[in-house]
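> show me the folded form of this:
(2 chains)
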Amino acid sequence: MIDLDGRLGPLPVRAWGLILNFIGNALTVYGAIGFIQDGSRLPILVIGAGLTAVCLLVLAKPSK
Amino acid sequence: MSEQYPIAEKIPPEVLEAEVRQLEELKAKPALLRLGGYLRLGGPGFMDSALTLGAGTMTAAMLSGAIFGYRTMWILWVSMGIGMFMMAAMARFTCRGGIPIISAQKKYHGWIVGSLMTALIGNVAVAVIFNYGQVSLGTHLIESLTPIIGFEFPRQINWVLYMAVTSAIVLSYGRKGRRGIKFVESFMKVSIGIMLLCFGACLVLVGVNWSEFFRGIFIPWLPSGVEGLDLFIASSAAAIGVMDWVFFNYAGLARGWGKKHESLARFDIFIGLFLPFILVNYLVLSVFAGTLHQQGIHPETAPELAQALMPLLGQTWSQVLFYIGFLAIPITTTVGISLAGAIAIHEAFGWKPDVNSWRWRICVLLPQIGFLAVWYPRPVWLVIAIGAFLSLTNNIVGWSFYLLFNDKRILGENKNRSYIWNLGILLQITLINCIAIIYVFNRLGWWIK
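Next up, the predicted model:
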């Protein structure tokens, strides 16, 4: 399992998780814009939403 | 970190001990008596809701009611509900260790996150810039109200009254120890009561379509396409933000809240912040859904919306009530944001807040520069700059609070142990992230045209 309390380079693992979540959010919004406008970018929307969901579920784990 | 917050130092220890004893006694009392006791002892939550219920929130509620009828009511409780997780985290920082959140940020996440992003941008800049809107609305309302009761009081003159009243209230915060705090908290509670009574009376007059009302609360609906996405993200993220989080923390510290106050703090968040915010919004939105929405009238600004409503309210007394309830909104917001701004400036520069000092007085009166709104609109370049900073930094402040809440170095054994609690905080962070993303996409021309 991922050790959320550890550090990875200059930042704690949780902070990297937040950055990854942000990237997932950006992909979701970008995908959603295309999908709503003309039905395009569905794969981006799915990847973004998936990444967001995984990040939220992992980061919600409290530290030991 | 566990030193008492300076404003609370003036509260005699025996007063705090008596409050703790009262809380212990209340635990054994029947629910109704407990509710009354907690209502009396609560305060920071009410201050937060009075701060949040400002010109912007009300304009959004009026516009939503006028354009979409009852259908967007569900967004209010969902967005405020998501915001409760971070507020409860603030209560934890306050009550378990007396941690001033900006100081903790400065120590563990640096000056840029603590002083610049949270204190100076998230609080001070917001207080100064947003007070323009409050003064503009407040003086407009006084100008519109007075002819109904028989005299003229134009905004070019009435700003003096607006400024005098709000300045007197903010300057009394913390004076004479607990009494000054209690006075401001009571003022906020009474003002919220006035809003509820006045808007409630208008709603009784206008009438409610109950089936539409309950459908609006419980069945999610959004306008189709991008407008819906925009509306949901903007409304959800705007309900509660950095200033609300920080102000609750410091208002609790100023009351000298400790471990035994945590249940009171949670009650205060729910009864003082969540319920009044939802109820006032529901009342205003319903008044407009039952009137302007039916008539298909959609003015754009708050004073125009209020004026368009007047003929539909009919009798003079109901118009007066509406204006009085409405006037309580900018007044309480000016009071709340002025205090939040002053506390934040002191934290940003590591100054000890002394409510009797000239430095405190200058800081707390800084947002009164908003009186210029009577003659000039807010400087557009400044609004754009602050809007940009806010959009791009609020989420990082949220990240910082989440990290602190899960950090053993700060809260020790009291750090978060709940999966659901973290998940709620992360959901709110995700919504605020989306605001930053949409802002950047807008700049890049990627957002919907």
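> so which bits of chain A are right by chain B?
A:4-5, A:12, A:14-15, A:18, A:21-22, A:25-26, A:29-30, A:32-33, A:36-37, A:52, A:55-57, A:59-63 (C-beta under 8 Å from any C-beta of the partner chain). The C-beta positions use only the backbone N, C-alpha and C, and glycine is treated the same way.
> what residues sit buried inside the helix or strand harbouring residue B:141?
Secondary structure from DSSP states H and E places residue B:141 in helix B:126-148. Within helix B:126-148, the residues that count as buried by 16 or more other C-beta atoms under 10 Å in any protein chain shown are B:126-145.
> any of the residues of chain A next to chain B buried? List them.
Using 16+ other C-beta under 10 Å, the buried ones in the residues of chain A next to chain B are A:4, A:12, A:14-15, A:18, A:21-22, A:25-26, A:29-30, A:32-33, A:36, A:52, A:55-56, A:59-61, A:63.
> which ones among those are found in helices?
Among those, the members falling in helices are A:14-15, A:18, A:21-22, A:25-26, A:29-30, A:32-33, A:36, A:52, A:55-56, A:59 (criterion: DSSP state H).
> closest to residue B:413 out of these?
residue A:14 (18.7 Å; C-beta to C-beta).
> find the nearest non-adjacent residue to the closest one, please.
Closest residue to residue A:14 apart from its sequence neighbours, by C-beta to C-beta, 6 or more residues apart in numbering or on different chains: residue A:4 at 5.2 Å.
> still on that earlier bit, tell me the least confident of the ones in helices among the buried ones among the residues of chain A next to chain B?
Ranked by pLDDT, these bottom out at residue A:36, which has 84.
> that residue against residue B:225, yeah?
Yes. Using C-beta atoms under 8 Å, residue A:36 is in contact with residue B:225, at 5.6 Å.
> tell me the centre residue of the chain?
This is for chain A. Compute the mean C-alpha point of chain A, and by C-alpha atoms, centre = their mean the closest residue is residue A:21, 2.7 Å away.
> that's the other chain; I wanted chain B
residue B:52 (1.8 Å).
> which residues touch it?
Residues near residue B:52 by C-beta atoms under 8 Å, 6 or more residues apart in numbering or on different chains: B:239, B:240, B:244, B:273, B:277, B:333, B:336.
> in chain A, which residue sits furthest out from the middle?
Largest centroid distance in chain A under C-alpha atoms, centre = their mean is residue A:38 at 24.4 Å.
> now that one: phi and psi?
Main-chain torsions, residue A:38, degrees, to the nearest 10: phi -140, psi 20.
> shaky segments in the chain?
Let's take chain A. Applying pLDDT under 70 to chain A flags no residue at all.
> oops, I was thinking of chain B
In chain B (pLDDT under 70), the answer is B:1-2, B:226, B:234, B:236-238, B:378-380, B:448-449.
> so which residues on it come close to chain A?
Residues of chain B lying near chain A by C-beta under 8 Å from any C-beta: B:225-226, B:229, B:395, B:399, B:402-403, B:406-408, B:415-423, B:426-427, B:429-430, B:433-434, B:437-438, B:441, B:446-448.
> could you rerun that using 7 Å?
B:225-226, B:229, B:399, B:403, B:406, B:408, B:415-419, B:422-423, B:426, B:430, B:433-434, B:437-438, B:441, B:446-448 (C-beta under 7 Å from any C-beta of the partner chain).
> buried only: go through those residues for me.
B:229, B:399, B:403, B:406, B:415-416, B:422, B:426, B:430, B:433-434, B:437-438, B:441, B:447-448.
> those strands in the stretch 251-400 of chain B, which residues are they?
Using DSSP state E, counting those that start in this stretch, the stretch 251-400 of chain B contains no strands.
> which single residue of it ends up nearest chain A?
Scanning the stretch 251-400 of chain B for the residue nearest chain A gives residue B:399, at 4.8 Å (criterion: C-beta to the nearest C-beta).
> quick revisit: so which of the residues of chain B next to chain A are in helices?
Taking DSSP H, the ones among those that sit in helices are B:226, B:229, B:399, B:403, B:408, B:419, B:422-423, B:426, B:430, B:433-434, B:437-438, B:441.
> dump the residue contacts of the residue in chain A positioned nearest to chain B.
Closest residue of chain A to chain B, C-beta to the nearest C-beta: residue A:60 (4.0 Å). For residue A:60, the contacting residues are B:419, B:422, B:423, B:426, by C-beta atoms under 7 Å, 6 or more residues apart in numbering or on different chains.
> ok, now residue B:265?
B:91, B:94, B:95, B:252, B:257.
> how about the nearest residue to it, chain neighbours excluded?
That would be residue B:91: by C-beta to C-beta, 6+ apart, it lies 3.7 Å from residue B:265.
> burial of that neighbour, as a residue count?
Residues near residue B:91, counting by other C-beta atoms under 10 Å in any protein chain shown, number 24.
> now do the buried residues in the host helix or strand of it.
Per DSSP H and E, residue B:91 falls inside helix B:73-95. For helix B:73-95, burial by neighbour count (16+ other C-beta under 10 Å) applies to B:73-77, B:79-95.
> touching, the residue nearest to residue A:14 and residue A:13? I think so.
Yes. Residue A:4 is in contact with residue A:13 according to C-beta atoms under 7 Å; the separation is 5.2 Å.
> list the contacts for the residue in the stretch 51-200 of chain B that chain A sits nearest to?
Here the residue of the stretch 51-200 of chain B nearest chain A is residue B:109; by C-beta to the nearest C-beta that distance is 9.4 Å. Applying C-beta under 7 Å, 6+ apart to residue B:109 gives the contacts residue B:400.
> and with 8 Å instead?
B:400, B:403, B:404.
> now those as JSON lines including distance to residue B:59?
Shown next, in JSON lines, are the contacts of residue B:109 (distance: C-beta to C-beta, whole Å):
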{"residue": "B:400", "distance to residue B:59": "30"}
{"residue": "B:403", "distance to residue B:59": "34"}
{"residue": "B:404", "distance to residue B:59": "34"}
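> just give me the closest of those to residue B:310.
For the contacts of residue B:109, the residue nearest residue B:310 by C-beta to C-beta is residue B:400; the value is 45.7 Å.
> since we're on the closest one, how many residues are nearby?
23.
> then residue B:30?
Residue B:30 has 7 nearby residues by other C-beta under 10 Å.
> next one: residue B:56
16.
> surely it and residue B:131 touch.
No. In this structure, residue B:56 is not within contact of residue B:131 by C-beta under 8 Å, at 11.7 Å.
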